[in-house]
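J.: fold the following, please.
(chains A and B)
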Number of protein chains: 2
Amino acid sequence: MAASKIPDIVIGRLPLYLRELTQMASEGREITSSQELGGRLGISSAQIRKDLSQFGEFGKQGTGYDIQFLAEQLRKILKVDRIWDVALIGAGDLGSAIAHYRGFVDRGFRVVAVFDSDPQKIGQKAGRFIVRDVSHLEQDLRGMGLRMAMLAVPAGVAQEVTERLISAGIEAILCYAPIALVVPENIKVQYIDPVLHLQQMTYYLD
Amino acid sequence: MAASKIPDIVIGRLPLYLRELTQMASEGREITSSQELGGRLGISSAQIRKDLSQFGEFGKQGTGYDIQFLAEQLRKILKVDRIWDVALIGAGDLGSAIAHYRGFVDRGFRVVAVFDSDPQKIGQKAGRFIVRDVSHLEQDLRGMGLRMAMLAVPAGVAQEVTERLISAGIEAILCYAPIALVVPENIKVQYIDPVLHLQQMTYYLD
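T.: Have a look, this model is predicted:
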């Protein structure tokens, strides 16, 4: 299978399928169908079958999908059949909330270090972590061999911190700052900006 | 212009254009082009021209877009040329971070009430707010005439709270719980789940 040829938009739906399958498994369910999965996610069953067929044969016509098996396969495809260590930059309100969040580790991720530039925060606790001095960012990240980071810093410094992350070997960044980062093509970036979602909804409110 | 016919995916890009134009304006810029805008956003200039042309004629061939004018038009189209009052449900770590966040009001939104079910939180402060008892959710929301809510509650109660929000007149929900909500067709829902973004990136990490 030529994994590199699969469109990003298909890859983008796989975590959603995995989340829903995990939810079904936690409800004690064993078998599902593309119809049911689609109904729960608001995606057509044809789309789901087409997406999954890009990676192999996961169900039989008429018998549906084995939930545990399909979830395991998706975890392998997405490479979350392991735990990824992630650095968190920014220990403000949002960074602290991320440091406290317990929903990462079940799904493949573990925050292992928190950095900030504020002398009042450095050395203090954020979740289970002692906040590190961001001036040691490069050496600490290299020392830990980290490849992923979450960025919860103000927009005004996000680009600068991003460049330092990349120079320290970070290959994938989840950016919470409301700004478009400029990165080399080999670096993956995803964004979380709640206002973009809110503005998308007001369009539809008369 | 037949606004209702414009695809959701086009509407979804408008807030991104608006954010970038606002950023350019803050840099003292007056004129931009679809090429420049596209370059900054990683979107093709043809896509940007096509998206904008659905709403009218905003630039002249060869002279580019007036940044202030285009931003104002986008604010009108997205209906964020006004301020929307929003309820926040959940005053845990994430809810508190949202309550403290100062990036909403410049972009069209204002949190006006925070609710929680935890007796230890009710009556305490979260940002500028005194946390309200979620058992009064319906009467409080109706009293305030709110139409939008942000949901920062555990996944296990998100569906139940959603149903109460809808019965109280809420029409648009930004859901931070990692779950797909079941809502009537006339209700708008958008989701924020950082793990979906992280899992989308690990696929590409060898």
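
J.: buried residues in the helix ranked longest in chain A, which are they?
T.: Secondary structure assigned by DSSP state H gives helix A:8-26 as the longest helix of chain A. Judged by neighbour count using 16 or more other C-beta atoms under 10 Å in any protein chain shown, the buried positions of helix A:8-26 are A:11-24. In short, each C-beta sits where N, CA and C put it, glycine included.

J.: do stretch A:181-190 as well
T.: Buried, per 16+ other C-beta under 10 Å, within stretch A:181-190: A:L181, A:V183, A:I187, A:K188, A:V189, A:Q190.

J.: now the second one: which helix or strand?
T.: In other words, A:V183. A:V183 belongs to no helix or strand when assigned by DSSP states H and E.

J.: all strands for chain A, in order.
T.: A:31-32, A:59-60, A:64-66, A:84-89, A:109-116, A:125-126, A:129-130, A:132-133, A:148-151, A:172-175, A:188-191 (DSSP state E).

J.: mind putting the ones you listed into TSV with mean pLDDT and distance to B:A177?
T.: Listed next are those as TSV, based on pLDDT from 0 to 100; distance: least, C-beta to C-beta, whole Å:
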stretch	mean pLDDT	distance to B:A177
strand A:31-32	96	21
strand A:59-60	72	28
strand A:64-66	93	25
strand A:84-89	98	21
strand A:109-116	98	17
strand A:125-126	92	22
strand A:129-130	94	24
strand A:132-133	98	30
strand A:148-151	98	19
strand A:172-175	98	18
strand A:188-191	97	19
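
J.: could those go into TSV alongside distance to chain B?
T.: Output for those, formatted as TSV (distance: least, C-beta to the nearest C-beta, whole Å):
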stretch	distance to chain B
strand A:31-32	14
strand A:59-60	20
strand A:64-66	17
strand A:84-89	6
strand A:109-116	5
strand A:125-126	10
strand A:129-130	14
strand A:132-133	20
strand A:148-151	7
strand A:172-175	4
strand A:188-191	4
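
J.: now do the helix or strand of chain A with the lowest mean pLDDT: everything it contacts.
T.: In chain A, the helix or strand scored least confidently by mean pLDDT, DSSP states H and E is strand A:59-60, which has a mean of 72. Applying C-beta atoms under 8 Å, 6 or more residues apart in numbering or on different chains, the external contacts of strand A:59-60 come out as A:S33, A:S34, A:L52, A:Y65, A:D66, A:L70.

J.: any stretches of chain A with poor pLDDT?
T.: For chain A, the stretches with pLDDT under 70 are A:1-4, A:61.

J.: and the residue positioned nearest the centre of it, what are its bridge partners?
T.: In chain A, the residue lying closest to the centroid (C-alpha atoms, centre = their mean) is A:L174, at 7.0 Å. Bridge pairing for A:L174 (DSSP bridges) gives the partners A:M150, A:Q190.

J.: measure it to A:L94 for me?
T.: Using C-beta to C-beta, to the nearest Å, we find A:L174 at a distance of 12 Å from A:L94.

J.: and for these two, which residues touch both?
T.: With C-beta under 8 Å, 6+ apart, A:L174 and A:L94 have no common neighbours.

J.: residue contacts, A:Y65?
T.: A:Y65 neighbours (C-beta under 8 Å, 6+ apart): A:I31, A:T32, A:S33, A:S34, A:L37, A:F58, A:G59.

J.: burial measure for the spatially closest residue to it that is not a sequence neighbour, as a count.
T.: In space, and not counting its chain neighbours, A:Y65 is closest to A:G59: 4.1 Å by C-beta to C-beta, 6 or more residues apart in numbering or on different chains. Neighbours of A:G59 under the rule other C-beta atoms under 10 Å in any protein chain shown: 18.

J.: do the one 3 residues further on as well
T.: A:G62 has 6 neighbouring residues, counting by other C-beta under 10 Å.

J.: which ones are touching it?
T.: Contacts of A:G62 (C-beta under 8 Å, 6+ apart): none.

J.: next one: A:I179
T.: Counting by C-beta under 8 Å, 6+ apart, A:I179 touches A:A155, A:A158, A:Q159, B:R19, B:Q23.
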